[in-house]
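Engineer: Structure of the sequence below:
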Amino acid sequence: MYYYQFFGKFAYLIIFLLGLSVGSFLNSWIWRVRENFRITSGRSMCPICRRQLHWYENIPVLSFLALRGKCLTCKNPIPIHYTLVEIGTAILFVLLARHTLNHPVENYLYFLRNIIFLILLTVVFVYDALYQEILSEIVWLGSLIGVFFNIYLDYSITSMLLGAVFISGFFLLQFAVSKGRWIGGGDVRLGVMMGLWLGWPVSLAALFIAYISGAVVSLALLVLKKKTLKSATPFGTYLAMATLICVVWGDRIVDWYMGLL
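Structural biologist: Numbering: from 1, shown residues only. Alright, predicted model coming up:
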């Protein structure tokens, strides 16, 4: 029993470190996409002075702490969101592992699917939060991956198509009525991915969670005078968060709601 507990904790440590590494890679990839750099064009670099980093400047979290949050050369502050993405990705890796791997062996495929979903949603969340844009290539890639996994895991194709048509159609209607003022084309495309991943009616639950969380956060920012009524809201961040919640707990949320009726 002692050895089982030890190796179980060691496995979670490995998963946490893997999450840190993935978060660090996603930070680099997102920045390079925005700046039009190829991911294969050299080592990571300072986003301000563009100097390539030494290996000891590129260790997730530890390098940020050792450098006291500043570039070794230009002394400009290292954006804090890099470290937050690394830590957040690592924590979510561990939470997904605890949720999935404490069950029968067949759930390892669910774990792989959910980790890939988490990586894609992290890109959507961070990119939209920073640049108010949802990358089309990530959405279409995610849609294809989701269809592959869900069909293999015996999800209902009808449910997936209903979810995709309803969520994307709902966003498309808003886009058409407002002429793009209320919602962007990226949200419409993201609706396709959400529906294919979650199916019907779980995708509807994700939609509710996204709108409720978005309203609560926006109201709080208005009260704190961090934003005004005219400020743009990166809605993709809320959609990404709601999708991840429903990937893990969507069926339970729907069952709970139906039990109230």
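Engineer: rest of the way, CA atoms for contacts and neighbours
Structural biologist: Will do.
Engineer: Tell me the spacing between Gly180 and Glu137.
Structural biologist: Using C-alpha to C-alpha, to the nearest Å, Gly180 is found at 20 Å from Glu137.
Engineer: So these two - more neighbours on which side?
Structural biologist: Legend: neighbour count by other C-alpha atoms under 10 Å for Gly180 and Glu137, higher for Gly180 (12 against 9).
Engineer: From Leu96, how far off is Ala176?
Structural biologist: 37 Å.
Engineer: for Phe16, same thing?
Structural biologist: Distance from Phe16 to Leu96, counting by C-alpha to C-alpha: 11 Å.
Engineer: repeat for Arg113
Structural biologist: Distance from Arg113 to Leu96, by C-alpha to C-alpha: 11 Å.
Engineer: Same question for Glu35.
Structural biologist: 32 Å.
Engineer: Is it correct that Trp114 is in contact with Ile245?
Structural biologist: One thing to correct before we go on: residue 114 is Asn, not Trp. No: using C-alpha atoms under 8 Å, Asn114 is not in contact with Ile245; the gap is 10.8 Å.
Engineer: the more surrounded of these two?
Structural biologist: Shown here are Asn114 and Ile245; by other C-alpha under 10 Å, Asn114 has more neighbours (21 against 15).
Engineer: Check which helix or strand the more buried one maps to.
Structural biologist: helix 108-131 (DSSP states H and E).
Engineer: Return the mean pLDDT over that helix, rounded to an integer.
Structural biologist: What helix 108-131 shows for mean pLDDT is 93.
Engineer: right, and the helix or strand after it?
Structural biologist: Following helix 108-131 toward the C-terminus (DSSP H and E): helix 136-152.
Engineer: So what touches that following helix?
Structural biologist: 113, 117, 120, 123-124, 157, 186, 189-190, 192-193, 196-197 (C-alpha atoms under 8 Å, 6 or more residues apart in numbering).
Engineer: just the buried members of those residues?
Structural biologist: Burial by neighbour count, judged by 16 or more other C-alpha atoms under 10 Å, picks out Arg113, Phe117, Leu120, Val123, Val124, Gly186, Arg189, Leu190, Val192, Met193, Leu196, Trp197 from these.
Engineer: Pull the most distant pair out of those.
Structural biologist: Largest separation among the buried ones among the contacts of helix 136-152 by C-alpha to C-alpha: Arg113 and Gly186, giving 22.9 Å.
Engineer: circling back to that earlier point, neighbour count winner among Phe16 and Leu96?
Structural biologist: Phe16 (22 against 18).
Engineer: Next up, identify which helix or strand the more buried one is on.
Structural biologist: Counting by DSSP H and E, Phe16 is part of helix 2-35.
Engineer: for the stretch 101-250 of the chain, what are the low-confidence residue spans?
Structural biologist: Residue ranges of the stretch 101-250 of the chain with pLDDT under 70: 101-106, 229.
Engineer: try it again with 90
Structural biologist: 101-111, 153-154, 178-185, 218-234, 250 (pLDDT under 90).
Engineer: Helices of the stretch 151-261 of the chain, residue ranges please.
Structural biologist: Remark: helices assigned in the stretch 151-261 of the chain by DSSP state H, counting those that start in this stretch are 157-178, 185-198, 202-223, 235-260.
Engineer: Quick one: distance of the longest one to the chain centre.
Structural biologist: In this view, helix 235-260 has its centroid 14 Å away from the chain centroid, taken as C-alpha atoms, centre = their mean, to the nearest Å.
Engineer: same thing with the shortest one?
Structural biologist: Here the centre of mass of C-alpha atoms in helix 185-198, compared against the chain's by C-alpha atoms, centre = their mean, lies 13 Å away.
Engineer: tell me the angle it makes with helix 108-131.
Structural biologist: With axes from the mean of the first three to the mean of the last three C-alpha atoms, to 10 degrees as the basis, helix 185-198 and helix 108-131 are set at 170 degrees to each other.
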